[in-house]
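J.: Sequence first, predicted coordinates after that:
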Amino acid sequence: MHRRDKAILILGQTMRKLLRFAPVAMLLMGCVLLPAQQEQANALPDSPLPQNQSEAASMPSPIGQPQLAVVSGSISGVVTDATGAAISGAAVELIWDDPSHNRQTRTDNSGQFTFPGVGGGRFRLAIAALGFAPATYAGELSAGQVLTTPPIMLEVATADTEVQVHLTRTEIAQEQLDIEDKQRVIGVFPNFYVSYAPHPAPLTPRQKFVLAGRLMIDPVSFGITGLTAGVQQATNSYSGYGQGASGYGKRFAASSGTFFTGVLIGNAILPSILKQDPRYFYKGTGTVRSRILYAIANAVVCKGDNGKWQANYSSIVGGFAAAGLSNLYYPAKNRDGAELTFVDAAIGTAGSAAGNLVEEFFLRKITSHSGKARANP
């Protein structure tokens, strides 16, 4: 192969390589009845028995024998919702200043509750029911008073619900891939094979094939392939193809075949089989020297789907495979056997290193959507 042909081939391969690069605690029921006890004064043995209640009420107490009586009252009421419907089973606690006198009960099927046999004083009612916000009622009971509270209404409880959406690894990768699919240098040249996400998720085999196909059918890819064929035509590279429309068509087909097989084998088929990621992962930090070494090394190493760095067998073997296949359709007079295969493979590796350096230091600022990548949590 002539030096001029090799130079043009390097130019075409490098240009194509640059295209490579997204979830009220209830109150305890109980009722402690504290019935008031009433002591009756013993009548004098010789005292006549009263004939009726009126007479008994009018009789004076014997001297030295005062009549003692404890008069008890009651508290009752009804618990409803905002529509006025009765709430059955609601827990109601009667609370006094002296906790030892506190009592508890529940509303019946009609929403009513009753605390019989209670003494007087200031009290508070605490009401709770499942699905409703708790409520309170405060009042004061006189000795012996029978008190019926106004209807106690409970509001429906408002729940603060926090919804957490956890994306799967495949969904995160797809989200990142959707962004990468829009990355274009100066809004024109595809930059699909570069990930700017801090922690990119690995691609599934299907996603690897979709990304490769997206690059192969991109109009810019066809344009660069056509330009490469035009330069070869103008310099009469691979002269066995001849000149004219026929010669240009053959050069275009050969250039396209080399590009398509390289992308398909090196970026989709082998990465899927070997579980390797075909993308370049932008570093962006560290010293200039460390970034240069990182970019060059990424021509021969890659990140596996397990997140570990490893030899980039996909790209290396894919480059040789594509070069070997392309050697089959070069004109017989321009074939150099194994030499051409190794030259093409070496050009591919060098082109990757050069493309990585350009990516690392120059292209992010002029690449659309490069700052929108989502990290993998």
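T.: Perfect, I can see it now.
J.: Please report the distance of the residue nearest to His369 when sequence neighbours are not counted from Lys250.
T.: Distances taken as CB to CB, 6 or more residues apart in numbering place Lys182 nearest to His369, at 4.5 Å, with adjacent residues excluded. Placement of C-beta: from N, CA and C, glycine included. Per CB to CB, to the nearest Å, Lys182 is found 35 Å from Lys250.
J.: Which of the two has more residues huddled nearby?
T.: Neighbours were counted for Lys182 and for Lys250 using other CB atoms under 10 Å; Lys250 has more, 20 against 15.
J.: Which neighbouring elements make contact with the helix or strand hosting the more buried one?
T.: Using DSSP states H and E, Lys250 sits within helix 244-264. Contacts defined by 3 or more CB pairs under 8 Å, 6 or more residues apart in numbering; DSSP states H and E place helix 244-264 against helix 3-17, helix 205-216, helix 219-234, helix 313-329.
J.: Point to the helix or strand of this structure where mean pLDDT is at its lowest.
T.: helix 53-58 (a mean of 40; mean pLDDT, DSSP states H and E).
J.: Sketch out the low-pLDDT regions of the stretch 151-300 of the chain for me.
T.: The model of the stretch 151-300 of the chain has pLDDT under 70 over residues 159-166.
J.: hmm, try it at 80
T.: The stretch 151-300 of the chain contains residues with pLDDT under 80 at 158-167.
J.: quick revisit: avg pLDDT for the next helix or strand after the least confident helix or strand of the chain?
T.: Going down the chain from helix 53-58, the next helix or strand is strand 73-80, by DSSP H and E. Mean per-residue pLDDT for strand 73-80: 95.
J.: How far off centre is strand 73-80?
T.: Here strand 73-80 is found 50 Å from its chain centre; the criterion is CA atoms, centre = their mean, to the nearest Å.
J.: Tell me the helices and strands packed up against the helix or strand that comes right after it.
T.: Using DSSP H and E, the helix or strand that directly follows strand 73-80 along the chain is strand 91-96. Strand 91-96 is packed against strand 103-106, strand 112-118, strand 121-128, with contacts defined by 3+ CB pairs under 8 Å, 6+ apart.
J.: Would you list the strands that the shortest one pairs with, along with their directions?
T.: Put plainly, it is strand 103-106. In the sheet, strand 103-106 lines up against strand 91-96 (antiparallel) (DSSP bridges).
J.: quick one: contacts of the strand it pairs with?
T.: Contacts to strand 91-96, defined as CB atoms under 8 Å, 6 or more residues apart in numbering, come from residues 26-27, 29, 75, 79, 102-107, 113, 115, 118, 121-129.
J.: From the residues you listed, keep the buried residues only.
T.: 27, 75, 79, 103-107, 113, 115, 118, 123, 125-129 (16 or more other CB atoms under 10 Å).
J.: if you skip the residues just before and after it, what's nearest to Gln183?
T.: That would be Asn191: by CB to CB, 6+ apart, it lies 4.2 Å from Gln183.
J.: mind listing what the one you found touches?
T.: Asn191 is in contact with 19, 21, 180, 183-185, 359, 363, 367, 370, counting by CB under 8 Å, 6+ apart.
J.: give me that answer again for 6 Å
T.: 21, 183-185, 367 (CB atoms under 6 Å, 6 or more residues apart in numbering).
J.: Can you give the domain ranges for the chain?
T.: 3-20+181-366, 71-153 (automatic domain parsing).
J.: and these, which is most packed in?
T.: Neighbour counts (mean count of other CB atoms under 10 Å) averaged over each of the domains of the chain peak at domain 3-20+181-366, with a mean of 18.
J.: before we move on, the earlier item: distance to Thr170 for the helices and strands packed on strand 91-96 - can I get that in a markdown table?
T.: Output for those, formatted as a markdown table (distance: least, CB to CB, whole Å):
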| stretch | distance to Thr170 |
| --- | --- |
| strand 103-106 | 52 |
| strand 112-118 | 57 |
| strand 121-128 | 46 |
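J.: With mean pLDDT and distance to Ser352 as new columns, can the ones you listed be given to me in CSV?
T.: Formatted as CSV, these follow (pLDDT from 0 to 100; distance: least, CB to CB, whole Å):
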stretch, mean pLDDT, distance to Ser352
strand 103-106, 94, 77
strand 112-118, 94, 81
strand 121-128, 94, 70
